[in-house]
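A.B. asks: Return atomic coordinates for the entry below.
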Amino acid sequence: MTDYNGFMVNNMEYIHVRDVLAGAYEGKTVMLRGWVHRIRKQKKMVFVLLRDPTGVIQTVVKEAVVSETEYEDSARMLIESLVTLKGTVHPDSRAAGGFEVQVDEIEILHFAEEFPLTENLSTEFLNDNRHLWMRSRKLTNVLKVRDEVFRSAREYLRQHDFYETTSPMFVGTMGEEGGDLFEVEYFGRKMYLTQTSQMHLEPQLFAMERVFTLAPSFRGEKSRTRKHLTEFWHLEAEEAWCDHECNIRRQEELITHMCHAVVKNRGPELEELSVDPEKLLSVKTPFERMSYSEAIDVCQAAGLDLKWGQDIRTEAEDILTRVRDSFLFVEYYPKEIKSFYMKNNEDDPRTYKNNDLLLPRGFGEVIGGSQREDKADVILENLARIGDDPEKYKWYIDIRRYGSVEHSGFGVGIDRFITWMLDLEHIRDCVPFPRTVSRTYP
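C.D. replies: Numbering: from 1, shown residues only. The predicted structure follows:
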């Protein structure tokens, strides 16, 4: 029955489960292939829930219909066995999806062993078996939404003339404030895993004006919270001829585009994950904005012991967003807690022209961005002020010596964004193979 080298067998084409569930094949004979998601065996029939990448459908193997060998094989196979089948589609209100396939022919391509994952297992056990757990409907649907977030981010940026590019993962300098670096030995030299691609994106905008990359970044923070990973996916963009206001607009437009694209293209997955699409459709520009100084006042009024000049961390973020359903920009942070490459704020010389974008309902920061300093002498002054060696940044300062241009950029924590989007309990729940302080397996 099966053609291992193609899609056609006896002039019939394999179709996906979603096509059957869409109702276009009622009363017709179809060919399906996939894995046994669930199985229930009765005296003279076997109910098989067949799973493929697009969904799950109930199929019925009857002893009186299929051959003796086919029925015996069906009766002894276990979940996650690999099968192909041919059968007729019938409506059935009792079946999930409203359709059932009555099987005429079935072939078991691989008899699976006893599957180790059952109900009511600990989170640690499931994470130890992540390579198998991702077959669950929940994680499958999460990963499909993740795919759409990646796709729609690229779509938006390309629609606005950004070029996708790459940057090195091994770097010799620190690119972010706060986060600890992962130090590695690199052929006898000390190097680091990158915290951000920003500094290697900036030189590229002088050639292409608008550039972005979607790649892993690494933070050695020993944070054991639901918001942190040591390896996370980072969407970073840099844009020439773009000031602070332009940068803010770019960020909010990108976030809005991704939210609406997920509703448009991943409706069934959102439904299975019990996510109300209105939550994402309600995301509209412009986002609310608040200065860092205003944010400190709000936190102090709420009773938090937070002084001007200290960073806005988890407790402060919760105060600012826990009852807020909308995104919030906090802008103009003090120089002492931000990086040397940011543009001075003329309206308040204590601060830079920068921003963080906070997710609603206490999910934390999702974007950090700033207008970049475009004058070499100011960069040198900033480095002197913080006591860092300008020689390490010679190449980075060089780009401001030859046709320097006003520019801005930002980085989006894609994993944290998806965690908020799907209201997941932990950031690891949206990553195929998460890396945390305590987990590097599998």
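A.B. asks: Please, where are all the helices along the stretch 51-200 of the chain?
C.D. replies: 68-76, 123-128, 130-133, 137-159, 198-208 (DSSP state H, counting those that start in this stretch).
A.B. asks: I'd like these written out as TSV, with mean pLDDT added.
C.D. replies: Output for these, formatted as TSV (pLDDT from 0 to 100):
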stretch	mean pLDDT
helix 68-76	98
helix 123-128	96
helix 130-133	97
helix 137-159	98
helix 198-208	98
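A.B. asks: I'd like the ones you listed as a markdown table, with mean neighbour count and distance to residue 169 appended.
C.D. replies: To be clear about C-beta, it is placed using only N, CA and C from the backbone, and glycine gets the same treatment. Output for the helices of the stretch 51-200 of the chain, formatted as a markdown table (neighbours: other Cβ atoms under 10 Å; distance: least, Cβ to Cβ, whole Å):
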| stretch | mean neighbour count | distance to residue 169 |
| --- | --- | --- |
| helix 68-76 | 16 | 48 |
| helix 123-128 | 14 | 25 |
| helix 130-133 | 14 | 23 |
| helix 137-159 | 18 | 18 |
| helix 198-208 | 19 | 10 |
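A.B. asks: Tabulate the ones you listed (CSV), appending distance to residue 33.
C.D. replies: Output for those, formatted as CSV (distance: least, Cβ to Cβ, whole Å):
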stretch, distance to residue 33
helix 68-76, 15
helix 123-128, 27
helix 130-133, 20
helix 137-159, 17
helix 198-208, 43
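A.B. asks: right, and those - which one's nearest residue 232?
C.D. replies: Among the helices of the stretch 51-200 of the chain, helix 137-159 comes nearest to residue 232, with 12.4 Å by Cβ to Cβ.
A.B. asks: Give me the distance from the closest one to the chain's centre.
C.D. replies: Relative to the centre of its chain, helix 137-159 is centred 7 Å away, using Cα atoms, centre = their mean, to the nearest Å.
A.B. asks: May I have it as CSV, with CA atoms only?
C.D. replies: C-alpha atoms of helix 137-159 as CSV (Å, rounded to 0.1, in the frame of the first residue of the first chain):
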residue,chain,number,x,y,z
ARG,A,137,-0.9,18.2,21.6
LYS,A,138,-0.1,21.2,23.9
LEU,A,139,3.5,21.4,23.0
THR,A,140,2.9,20.7,19.3
ASN,A,141,0.4,23.6,19.2
VAL,A,142,2.8,25.9,21.1
LEU,A,143,5.5,25.2,18.6
LYS,A,144,3.2,25.9,15.7
VAL,A,145,2.4,29.3,17.2
ARG,A,146,6.2,29.8,17.7
ASP,A,147,6.7,29.2,14.0
GLU,A,148,4.1,31.8,13.2
VAL,A,149,5.8,34.4,15.4
PHE,A,150,9.1,33.8,13.7
ARG,A,151,7.4,33.9,10.2
SER,A,152,5.4,37.0,10.9
ALA,A,153,8.4,38.9,12.4
ARG,A,154,10.4,38.3,9.3
GLU,A,155,7.3,39.3,7.2
TYR,A,156,6.9,42.6,8.9
LEU,A,157,10.6,43.5,8.7
ARG,A,158,11.0,42.5,5.1
GLN,A,159,7.9,44.5,4.2
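A.B. asks: helices or strands next to it in the packing?
C.D. replies: Helix 137-159 sits against strand 163-164, strand 210-218, helix 244-265, helix 267-272, helix 414-421, with contacts defined as 3 or more Cβ pairs under 8 Å, 6 or more residues apart in numbering; DSSP states H and E.
A.B. asks: re earlier: identify whichever of the helices of the stretch 51-200 of the chain lies nearest to residue 165.
C.D. replies: Using Cβ to Cβ, the helices of the stretch 51-200 of the chain put helix 198-208 closest to residue 165, at 5.6 Å.
A.B. asks: now for the closest one, which elements pack on it?
C.D. replies: By 3+ Cβ pairs under 8 Å, 6+ apart, helix 198-208 packs against strand 210-218, strand 231-240, helix 394-398, strand 407-413.
A.B. asks: what's the most buried one of those?
C.D. replies: With neighbours taken as mean count of other Cβ atoms under 10 Å, the helices and strands packed on helix 198-208 reach their highest mean count in strand 407-413, at a mean of 26.
A.B. asks: Partner strands of it, with direction?
C.D. replies: Paired neighbours of strand 407-413 in the sheet (DSSP bridges): strand 231-240 (antiparallel), strand 365-372 (antiparallel).
A.B. asks: Tell me where the model's unsure across the stretch 101-250 of the chain.
C.D. replies: 175-179 (pLDDT under 70).
A.B. asks: same thing but at 80, please
C.D. replies: 173-179 (pLDDT under 80).
A.B. asks: Among the helices of the stretch 51-200 of the chain, which comes closest to residue 235?
C.D. replies: Here helix 137-159 is closest among the helices of the stretch 51-200 of the chain (Cβ to Cβ), at 5.5 Å.
A.B. asks: what's the angle from that closest one to strand 231-240?
C.D. replies: Orientation check (axes from the mean of the first three to the mean of the last three Cα atoms, to 10 degrees): helix 137-159 against strand 231-240 gives 10 degrees.
A.B. asks: Can you give the contact residues for helix 137-159?
C.D. replies: 53, 56, 133-134, 164, 210, 212, 214, 235, 237, 253-254, 257-258, 261-262, 265-266, 269-270, 272-273, 412, 414, 417-418, 421-422, 424, 429-430, 432 (Cβ atoms under 8 Å, 6 or more residues apart in numbering).
A.B. asks: and among the helices and strands packed on helix 137-159, the most buried is which?
C.D. replies: helix 414-421 (a mean of 24).
A.B. asks: Which elements pack onto that one?
C.D. replies: Taking 3+ Cβ pairs under 8 Å, 6+ apart as the contact cut, helix 414-421 packs with helix 137-159, strand 231-240, helix 244-265, strand 365-372.
A.B. asks: Is it possible to get the ones you listed out as a markdown table so that each row also shows distance to residue 108?
C.D. replies: Formatted as a markdown table, these follow (distance: least, Cβ to Cβ, whole Å):
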| stretch | distance to residue 108 |
| --- | --- |
| helix 137-159 | 22 |
| strand 231-240 | 38 |
| helix 244-265 | 34 |
| strand 365-372 | 46 |
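A.B. asks: Any idea which of these gets closest to residue 298?
C.D. replies: Nearest to residue 298, of those and by Cβ to Cβ, is strand 365-372 at 16.0 Å.
A.B. asks: same question for the closest one, mean pLDDT?
C.D. replies: Taken as a whole, strand 365-372 has a mean pLDDT of 98.
A.B. asks: State whether residue 50 and residue 39 are indeed in contact, as I suppose.
C.D. replies: No: here residue 50 lies out of contact with residue 39, judged by Cβ atoms under 8 Å, at a distance of 9.8 Å.
A.B. asks: Looking at those two now, which is surrounded by more residues?
C.D. replies: A count of neighbours by other Cβ atoms under 10 Å puts residue 50 above the other of residue 50 and residue 39, at 26 against 18.
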